[in-house]
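1. One predicted model, sequence on top.
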Amino acid sequence: MAQRRTTLSTRALTGASAVVLTAGVALLPSAGSAAAAPGTTAPKPDATQAASTAALVARLGNRAAGSYYDAAAHRFVVNITDSSAADQVRGSGAVPRTVRYSTTQLRAALGTLTQRARIAGTAWSIDPRRNKVVVTVDPTVTGAKLTQLNTVVKSVGDKVVVRRAATAFKPYIAGGDAIWGSSVRCSLGFNVSANGTPAFLTAGHCGNASSTWSDSQGGGEVAQTVDSRFPGTDYALVRYDDANSDHASVVDLHNGGSQQITHAADAYVGESVQRSGSTSGVHVGSVTGLDATVNYEEGSVSGLIDTSVCAEPGDSGGALFDADAAIGLTSGGSGDCTSGGETFFQPVPAALNAEGASLS
């Protein structure tokens, strides 16, 4: 594989585990959204706006309660619990919105759920647009487990709302561009450089499933898993065998084209994003929540990006991106790209920092 340029994208392993989400009280509509075609993304804010808004929210501390991008108004909205912060928000170019619950109060609700309701088939994240914690529950949560969940949700009060997923949540492994393990298939996320050698990122549940990888089914080994983290988080670092090979940071658009990736970025709620995977190709959606927790059958994963993007088995590990920015790695979710779905992603910046890697 000397001096070979790869444009591998996202897929999933053949093998697999299933995870669930669903609900009990104060139900919102079912999770899931219709699959969208590439190229229908909403207007984008300037790249510096997202960073400056996040910095403002951090400075305001408990006087703020998160932020999100309003694509219709083309403005960032900053939730505030103290009206005296409104002028500071306006001065930054964002729109202030007074809400009831502070970030501290919503995080306390997350803590209660984590301590008392870590049930396989559930997930939760803070939705700043609702100023609530949204708990998603899949059809596998029944009987005593559903009773337990409802009891915990009721104890938290109206800081929490619950919605049902139509199908079970699961890591999207099946059997970008496809990468093939000994008995599984996944999608490549992003090519990186780790300690001066070429490598790529994919999902941790993919890395757990195979120690070696090929770029074709039944083909020879081209890379080896050197670190894999799942559950807890969901990323793996896979090192190419040929240390002199050249692997571009691009995402396969599955239409004959590709997207150059130049940097990694943190997601923000309301952001329009695209996902590429070897099973379902490219689909678009938006970020609906951050720091999400998903309780898979295999264990809990936290710190994820919650989105309305669909995905299917085989898409695991694939790239979530916004123009030339690497955002996430496909972890798992519910639904499909026919009826729509909800998908969770491991943030790329966190994986790069943990591995001491950079985009190649």
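-> It's in. Residues are numbered from 1 along each chain as shown.

2. if you skip the residues just before and after it, what's nearest to the residue lying farthest from the centre of the chain?
-> What lies farthest from the middle of the chain is residue 84; by CA atoms, centre = their mean that is 34.1 Å. Once flanking residues are discounted, residue 84 sits nearest to residue 63: 7.8 Å by CB to CB, 6 or more residues apart in numbering. All C-beta spots, glycine's among them, are computed from the backbone N, C-alpha and C.

3. Which residues are in contact with that neighbour?
-> Taking CB atoms under 8 Å, 6 or more residues apart in numbering, we find residue 63 in contact with 80-82, 84-85, 102.

4. coming back round to it: does the residue farthest from the centre of the chain belong to a helix, a strand or coil?
-> helix (DSSP: H, G, I helix; E, B strand; the rest coil).

5. Distance of it relative to residue 78?
-> The gap separating residue 84 from residue 78 is 13 Å, by CB to CB, to the nearest Å.

6. cool, and residue 93?
-> Distance from residue 93 to residue 78, by CB to CB: 10 Å.

7. quick one, which of the two is more surrounded?
-> Using other CB atoms under 10 Å as the criterion, residue 93 and residue 78 rank with residue 78 on top: 28 against 14.

8. Flag the shaky bits of this protein, pLDDT-wise.
-> 1-43, 173-177 (pLDDT under 70).

9. Could you break it into its assigned domains?
-> Domain segmentation of the chain under automatic domain parsing yields 1-44+104-360, 47-98.

10. Centre of the chain to the first one, how far?
-> Between the mean C-alpha location of domain 1-44+104-360 and the chain-wide mean there is a distance of 4 Å, by CA atoms, centre = their mean, to the nearest Å.

11. so which helix or strand takes in the nearest residue to residue 122 once chain neighbours are set aside?
-> Leaving aside its sequence neighbours, residue 122 sits nearest to residue 295 (CB to CB, 6+ apart; 5.0 Å). Under the criterion of DSSP states H and E, residue 295 resides in strand 281-296.

12. That strand packs against which elements?
-> Packed against strand 281-296 by the contact rule (3 or more CB pairs under 8 Å, 6 or more residues apart in numbering; DSSP states H and E) you find helix 103-116, strand 122-127, strand 272-277, strand 299-307, strand 325-336, strand 340-347.

13. Please tell me how far the spatially most central residue of the chain sits from residue 270.
-> Central residue check for the chain by CA atoms, centre = their mean: the C-alpha nearest the mean position is that of residue 345, 1.9 Å away. Separation of residue 345 from residue 270 (CB to CB): 15 Å.
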